[in-house]
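Peer 1: generate coordinates for the sequence data below:
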Amino acid sequence: FSAHWCPPCRRFTPALAKLYTKLQAEGKHDLECVFVSLDNDESQFDEYLGEMPWLAVPYALNDERRDIAQKYKARGIPHLVVCDADGSIITEDGTEAVQLDEDGAKFPWRPPSFSDVWPSSFLKVNDAGEEVTVPSSEIKDKHIMLYFSAHWCPPCRRFTPALAKLYTKLQAEGKHDLECVFVSLDNDESQFDEYLGEMPWLAVPYALNDERRDIAQKYKARGIPHLVVCDADGSII
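Peer 2: Below is the predicted model of the structure:
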């Protein structure tokens, strides 16, 4: 989903074309790209299509283009959705996937399972102010609050005390079937360490960059603070 008039689309299209051409050259002919235009007129569509090595829904099919955009939630562009042959969605985050995986090594970017991204251990600051390791087995049967946040984010700094107050209250009431896990979007480890010191719960270690990124992608943490409540298997409540 894209349009000639959209500057971010015009910047993204060459990157997608480069990846598409690479995958085709590697013999991956079990994929195709289809341009669904949100252009304002057919001349823009025609000019833009001339820059693309793939297929397009004809501009004259206004109803079809609108229905496809609605079905695949193309509320902002560029928007790249990867589907199986029956139209079922593999990922709605194709635009970000292209930017993070320019060579297409992980194509078609199937979202990882909860077990794929879940660390084997976490960090926690104990009563002595020391960071200690907590094995994931200690929380394997608990409901999980995934807290995406960062020290540099003012709304996060305002929200964290409220969440800490609630967490402490629930723990004091004996509700030990829940745990909160901080997933940091801090810019460096010193910020992470300082911020974790304000939290009574666990955290994904800062050094686990890939795991933090994958968890954020899986749970669509595009803005922070972002709190997701899950069952023990990682399914979203």
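Peer 1: immediately after the least confident helix or strand in the chain by mean pLDDT, which helix or strand?
Peer 2: Scoring the helices and strands of the chain by mean pLDDT, DSSP states H and E places helix 114-117 at the bottom, with a mean of 89. From helix 114-117 onward toward the C-terminus, using DSSP states H and E, the following helix or strand is strand 121-125.
Peer 1: pull the residues that contact that next one.
Peer 2: Strand 121-125 has contacts (C-beta atoms under 8 Å, 6 or more residues apart in numbering) with 131-136, 139, 181, 196-197, 199, 201-205. C-betas here are computed from N, CA, C, even on glycine.
Peer 1: tell me the mean pLDDT for that strand?
Peer 2: Averaged across strand 121-125, pLDDT comes to 96.
Peer 1: list the buried residues in that strand.
Peer 2: Across strand 121-125, burial judged by 16 or more other C-beta atoms under 10 Å covers 122, 123, 124, 125.
Peer 1: show me what contacts residue 128?
Peer 2: Going by C-beta under 8 Å, 6+ apart, residue 128 touches no other residue.
Peer 1: mind checking the SS state of it?
Peer 2: Following DSSP: H, G, I helix; E, B strand; the rest coil, residue 128 is assigned to coil.
Peer 1: just the helices in the protein please.
Peer 2: Assignment of helices within the chain using DSSP state H yields the ranges 7-25, 42-49, 62-71, 94-100, 114-117, 154-172, 189-196, 209-218.
Peer 1: in the protein, which residue is closest to the centre?
Peer 2: Ranked by distance to the mean C-alpha position of the chain (C-alpha atoms, centre = their mean), the top residue is residue 217 at 2.1 Å.
Peer 1: dihedrals phi and psi, the nearest residue to that one once chain neighbours are set aside?
Peer 2: Nearest residue to residue 217, sequence neighbours excluded (C-beta to C-beta, 6 or more residues apart in numbering): residue 93, at 6.6 Å. Backbone torsions for residue 93, taken as degrees, to the nearest 10, come to phi -110, psi 40.
Peer 1: was I right about residue 93 contacting residue 218?
Peer 2: No. When contacts are counted by C-beta atoms under 8 Å, residue 93 is not listed as touching residue 218 (9.7 Å).
Peer 1: OK, contacts around the closest residue to residue 97 other than its chain neighbours?
Peer 2: Nearest residue to residue 97 in three dimensions, chain neighbours excluded: residue 109, at 4.2 Å (C-beta to C-beta, 6+ apart). Residues near residue 109 by C-beta under 8 Å, 6+ apart: 82, 90, 91, 93, 94, 97, 101.
Peer 1: ok so, going back, CSV for the helices of the chain, including distance to residue 146?
Peer 2: Formatted as CSV, these follow (distance: least, C-beta to C-beta, whole Å):
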stretch, distance to residue 146
helix 7-25, 29
helix 42-49, 39
helix 62-71, 29
helix 94-100, 19
helix 114-117, 11
helix 154-172, 12
helix 189-196, 15
helix 209-218, 7
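Peer 1: quick one: closest of the ones you listed to residue 36.
Peer 2: Set against residue 36 and scored by C-beta to C-beta, the helices of the chain come closest in helix 62-71, at 5.3 Å.
Peer 1: related to what we said a few turns ago, in strands only, show me the contacts of strand 121-125.
Peer 2: Members of the contacts of strand 121-125 lying in strands (criterion: DSSP state E): 131, 132, 133, 134, 135, 181, 202, 203.
Peer 1: can you flag the buried ones in the residues you listed?
Peer 2: Neighbour-count burial (16+ other C-beta under 10 Å) is assigned, among the ones in strands among the contacts of strand 121-125, to 134, 181, 202, 203.
Peer 1: hmm, residue 184 and the last one touching each other?
Peer 2: Yes. The pair residue 203 and residue 184 qualifies as a contact (C-beta under 8 Å) at a distance of 6.6 Å.
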